[in-house]
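Asks: build me a structure from this.
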Amino acid sequence: MVEEEKMYDALGPEKIIRFYDPKTGLKGVLCIDNTNRGPAKGGVRMRPDVTEEEVFRLARAMTLKCAMADLPFGGGKSGIIADPQTLTKAQKKSLCVAYGKAIKHLAPSEYVSAPDMNTAEEEMGWIVHGNGNKKCVTGKSKKLGGIPHELGSTGFGVYHSTLVALHHLGLDPGKISFAVEGFGNVGEFAAKYLCEAGAKLVAVSDSHGVLVNYNGIDFVRLKKIKEKNGTVTAYGGSVFPGNKILDVHCDVLITAAIKDLVKIEDVVRLQFKLIVEGSNIPMNHATEELLFQRGILVIPDFVANAGGVISSYVEYKGGNVKEMWKLVEQKVVKNTRLVLNEKKKCPRCVADAIAMKRVLGK
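Replies: Residues are numbered from 1 along each chain as shown. Have a look, this model is predicted:
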């Protein structure tokens, strides 16, 4: 255990850069955690409460994710401290252009950015405009030679990781019920594919609350209502505060939004058989270990949600969308099976050990 902790500390971070532009009001932080395998890969999120610690934890997850997916990338992450809900489009564009300029000396030589919370293909285009080099980001529009994350590569990977885990548990995808925390890009696509496989969606949340219907939620109708009203809670039925998704009684929980969703004190209240981490850092390692001891299987974030960075790699090397879908399924399935091979160990411990040895070359 001590040896593993020393290996974990040896990963990084290599650099933490704070940036500020008085003209646009841009404020933020970039963490380059490790570049042993290649330039640090990781998206830029825009939130008013993004912190340096959060960015570092996400960068570390990217180091492990890229290694676990066996990609020629290291791990990084960046955060722009701003509230997109209060910004005009012009203001958001100016922040992204300024961000592109701020990372110009590092991207794409040491860091390659991508979409994350509150940033998508349009924002990537603005960053390219500020940076001057198309390779400084992935997740660009098709016009800029990109493979947009809006196609749902991460959710597609989460779906395949879930299928492998269900098979491991001896559960039929067509006979299980599931809940999705966060009906954004990742949660929506994971829900879509699971519903098409015959699984019953019984709960879904967004920033307005949790919709629960144990009779089943129609995915197509839900998507239309979300697009029209801006929230899943307009679907009709029982609505509860966001954290109440942890009290839903169903087989599977897909996390797909906020960090630190599950606290250690929440462990005793959870009734799921399987939790698949579609979001980054939805709980800490100690919480995952306790859940494993309780008999609740947790598929780690950097295994389950690697679809986005695999898609980024295909874009980075000039591949196409067809190649992207094939590689996402192939790698996510292989790696989920790999971490479930050792049945007596917590999947996080197995995955960490594999990824760290790949990064450190040991």
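
Asks: look at Leu253 and tell me its secondary structure.
Replies: For Leu253, the assignment made with DSSP: H, G, I helix; E, B strand; the rest coil gives strand.

Asks: repeat that for the one 5 residues further on.
Replies: Secondary structure state of Ile258, per three-state DSSP, is coil.

Asks: which residues does the closest residue in space to Ala114 that isn't next to it in sequence contact?
Replies: In this structure, Ala114 finds its nearest non-sequential neighbour in Gly43, 4.1 Å apart by Cβ to Cβ, 6 or more residues apart in numbering. Placement of C-beta: from N, CA and C, glycine included. Gly43 is in contact with Lys77, Ser78, Ser113, Ala114, Pro115, Asp116, Thr119, Gly139, Gly308, counting by Cβ atoms under 8 Å, 6 or more residues apart in numbering.

Asks: now Gly43: how far from Met62?
Replies: Counting by Cβ to Cβ, to the nearest Å, the gap from Gly43 to Met62 is 8 Å.

Asks: how about the strands of the stretch 151-300 of the chain, start to end?
Replies: Ranges of strands within the stretch 151-300 of the chain are 177-181, 200-206, 209-212, 238-240, 252-255, 274-277, 297-299, based on DSSP state E, counting those that start in this stretch.

Asks: would you turn those strands into TSV with mean pLDDT, distance to Arg18 and mean neighbour count?
Replies: Listed next are these as TSV, based on pLDDT from 0 to 100; distance: least, Cβ to Cβ, whole Å; neighbours: other Cβ atoms under 10 Å:
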stretch	mean pLDDT	distance to Arg18	mean neighbour count
strand 177-181	98	31	26
strand 200-206	97	31	24
strand 209-212	97	35	22
strand 238-240	95	39	15
strand 252-255	98	29	28
strand 274-277	98	28	27
strand 297-299	98	33	25
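
Asks: thinking again about what came up before, shared neighbours of Gly43 and Met62, which are they?
Replies: Common neighbours of Gly43 and Met62 (Cβ under 8 Å, 6+ apart) are Lys77.

Asks: what pLDDT is listed against Met117?
Replies: Met117 carries a pLDDT value of 87.

Asks: for it, helix, strand, or coil?
Replies: With three-state DSSP as the criterion, Met117 reads coil.

Asks: ok, it touching Pro48?
Replies: No: the pair Met117 / Pro48 is not scored as a contact, 11.4 Å apart, by Cβ atoms under 8 Å.

Asks: more crowded one of those two?
Replies: Met117 (21 against 11; other Cβ atoms under 10 Å).

Asks: ok, now how distant is that one from Glu54?
Replies: 11 Å.

Asks: and the residue most central in space within the chain, its phi and psi?
Replies: The centroid of the chain falls nearest to Ser279 when counting by Cα atoms, centre = their mean (4.1 Å). The phi/psi pair for Ser279 (degrees, to the nearest 10) reads phi -90, psi 160.

Asks: who's in contact with the nearest residue to it once chain neighbours are set aside?
Replies: Spatially, and ignoring its direct neighbours in sequence, Ser279 is nearest to Thr255 (4.5 Å; Cβ to Cβ, 6+ apart). Applying Cβ under 8 Å, 6+ apart to Thr255 gives the contacts Glu181, Gly182, Leu261, Val262, Ile275, Val276, Glu277, Gly278, Ser279, Pro282.

Asks: just checking, Gly12 touches Ala40?
Replies: No: judged on Cβ under 8 Å, Gly12 makes no contact with Ala40 at a distance of 9.0 Å.

Asks: per the annotation, how does this structure divide into domains?
Replies: Following automatic domain parsing, the chain resolves into domains at 2-146, 153-352.

Asks: closest to Val359 out of these?
Replies: domain 2-146 (4.7 Å; Cβ to Cβ).

Asks: now the helices for the protein?
Replies: 2-9, 52-68, 89-102, 121-131, 153-169, 185-196, 219-229, 285-293, 301-304, 307-316, 321-340, 347-360 (DSSP state H).

Asks: quick one: average pLDDT of the second one?
Replies: When pLDDT is averaged along helix 52-68, the result is 93.

Asks: buried set for that helix?
Replies: With burial defined by 16 or more other Cβ atoms under 10 Å, the residues of helix 52-68 counted as buried are 54-68.
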